[in-house]
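Asks: Provided below for reference: sequence and predicted model.
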Amino acid sequence: MTEIGRIVGVGKDAVGRILNQGLEHFHHPEILEAAQAGGIEDPRNLSHFWKITKDENGNGYSLFVKNPNTGQDVSVFDMVREAVAEAPVRLPGSLPKRVDPAGEHLLVVDLADVHFLKLCVKSETGHVYNREVAMHRVIEGTKALLKLAKPFGICRVLFVMGNDILHVDGPRTSTTSGTYQDSDGTIFQGFKDAGAALDTAIGECAKLADVDLVHCMSNHDWLMGWALTQAVAGRLTRNPRVHATEYNISEAHRKYYRFERNLFGLTHGDGAKEEKLYGVMVKEAREHISECLNLYWLLHHVHHKIRKTRGEIEFLREKDHNGMTAHISGTPMTEGHYLNIEYVRSPSAPDGWHDRNAYVNRQGVECFIYHPTNGLKARFTEWF
């Protein structure tokens, strides 16, 4: 009271008289009754209290009153706790429920470089990879991606096939060019297992939306990979929700696919150089270029993530390194203004040759979600 008097310019006794006059409201019958109900005979012993007034509709006000007689400070914790305890429960009532988003997006499921028949031995590379592991990653990886993508509202699925789905291209466990490979089983076993895995994965996609199949020719299995796509597509096109045009599963080196105002180029990645991709897209898909805002190339072959935009300059946006993924900041390059190039990760582990050369990729499968006009909306990776 001495400090208050010094500030306001009056004596200590005057301050006391002013404070005592303020206690008259504590003799109000309702306050007295409430205090006594709480076991307090003299309302002047209250440090603070709430005064809450509500009508039958829940409208009204709440007042917090501090007792000037005690002068006790009330902690913020106490105020919040008591306010929450007294707060009325407000139910949504007639508020509209959130509905699932309309199915308007394209989902691209791109299981790149699966390499059925690849053999990785843990004692040599630290990884185990064989036909059984490959089958698991195709099927369970696809299911995981579909679960992540479903809430976005998917109207169509593009399922990318080929891209070294098989590790070898004949009975002598070698690639198309004759390079020997460590293999888990015969070409016949790999062909059947890969076909069964693709049947299941594509069938899961068809439960979500109509599926378009597209094949990318590749260097490990140029002939047998193409034959596998023909066999799988021949079986699955009996499903009215699975579609495979002659062009989409042909032996053409590069494929183009359009979704509304998005144009996609797809190729394995061992052929045409990046700097040529925009030019060949303009030449080979000329009728679509002027109507598509967003241009994409999906590439494979390298087993790790590289993401770039190419316009007046080349800009690296993301790259997997051993032990880390680098995201590069710099001049923004937005959808609709530049060519977007993306190398897709592989679920296959590094074998002996890759391990010796320290080409050690982190294994995963990826999918991409595209809006009809705005382009890339989301991407998901399921790691193994």
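Replies: Yes, it's here. Residues are numbered from 1 along each chain as shown.

Asks: Please identify the helix or strand for Ala231.
Replies: For Ala231, the enclosing helix or strand under DSSP states H and E is helix 224-236.

Asks: same deal with Val360?
Replies: Assigned by DSSP H and E, Val360 belongs to no helix or strand.

Asks: I figured it hits Ser346, correct?
Replies: No: checked against CB atoms under 8 Å, the pair Val360 and Ser346 is beyond contact range at 11.9 Å. All C-beta atoms are positioned from the backbone trio N, CA, C, and that covers glycine.

Asks: neighbour-wise, which of these two wins?
Replies: Ser346 (27 against 17; other CB atoms under 10 Å).

Asks: Kindly report the domain assignment for the protein.
Replies: When the chain is parsed into structural domains using automatic domain parsing, the resulting residue ranges are 2-86, 105-383.

Asks: mind checking how far Thr325 is from Ala144?
Replies: With distances defined as CB to CB, to the nearest Å, the gap from Thr325 to Ala144 amounts to 19 Å.

Asks: In terms of neighbours, single out the busier of the two.
Replies: Legend: neighbour count by other CB under 10 Å for Thr325 and Ala144, higher for Ala144 (17 against 12).

Asks: just checking, the more buried one is part of a strand?
Replies: No: Ala144 is assigned helix when assessed by DSSP: H, G, I helix; E, B strand; the rest coil, not a strand.

Asks: Which residues are in contact with the nearest residue to it once chain neighbours are set aside?
Replies: The shortest distance from Ala144 to any non-neighbouring residue, by CB to CB, 6 or more residues apart in numbering, is to Glu382 (4.3 Å). Contacts were defined as CB atoms under 8 Å, 6 or more residues apart in numbering; by that measure Glu382 touches Gly141, Ala144, Leu145, Leu148, Gly364, Val365, Glu366.

Asks: 6 Å instead, please
Replies: Applying CB atoms under 6 Å, 6 or more residues apart in numbering, we find Glu382 in contact with Gly141, Ala144, Leu145, Gly364, Val365.

Asks: tell me the SS of it?
Replies: For Glu382, the secondary structure call by three-state DSSP comes out as strand.

Asks: Can you check the pLDDT for it?
Replies: The predicted structure scores Glu382 at 98 on the pLDDT scale.

Asks: Tell me the spacing between it and Tyr180.
Replies: Plainly put, Glu382 is 31 Å away from Tyr180 if you go by CB to CB.

Asks: The stretch 51-200 of the chain: strands as residue ranges?
Replies: Assigned strands in the stretch 51-200 of the chain, in chain order: 60-66, 105-110, 154-162 (criterion: DSSP state E, counting those that start in this stretch).

Asks: tell me the average confidence for the first one?
Replies: In this case it means strand 60-66. Across strand 60-66, the per-residue pLDDT values average to 65.

Asks: Chain neighbours aside, what residue packs nearest to Gly195?
Replies: Gly195's closest residue in space is Val232 (CB to CB, 6+ apart), at 5.5 Å.

Asks: hang on, isn't that neighbour packed against Ala196?
Replies: No: using CB atoms under 6 Å as the test, Val232 is too far from Ala196 to be in contact (9.4 Å).

Asks: Could you point out which residue ranges in the chain have low pLDDT?
Replies: Residues of the chain that meet the criterion pLDDT under 70 lie in 8, 15-31, 34-35, 37-39, 43-53, 58, 60-102, 332.

Asks: Give me the longest helix you can find in it.
Replies: Identified as the longest helix of the chain according to DSSP state H is helix 187-208.

Asks: Show me what it is packed up against.
Replies: Helix 187-208 is packed against helix 131-149, strand 154-162, helix 224-236, with contacts defined by 3 or more CB pairs under 6 Å, 6 or more residues apart in numbering; DSSP states H and E.

Asks: Within the sheet, what are the partner strands of whichever helix or strand comes after the last one, with directions?
Replies: Which is helix 224-236. Tracing the chain past helix 224-236, the next element assigned as helix or strand by DSSP H and E is strand 242-243. Applying DSSP bridges, strand 242-243 is found paired with strand 210-216 (parallel).

Asks: Next, the angle from the partner strand to helix 224-236.
Replies: Comparing the axes of strand 210-216 and helix 224-236 via axes from the mean of the first three to the mean of the last three CA atoms, to 10 degrees yields an angle of 160 degrees.
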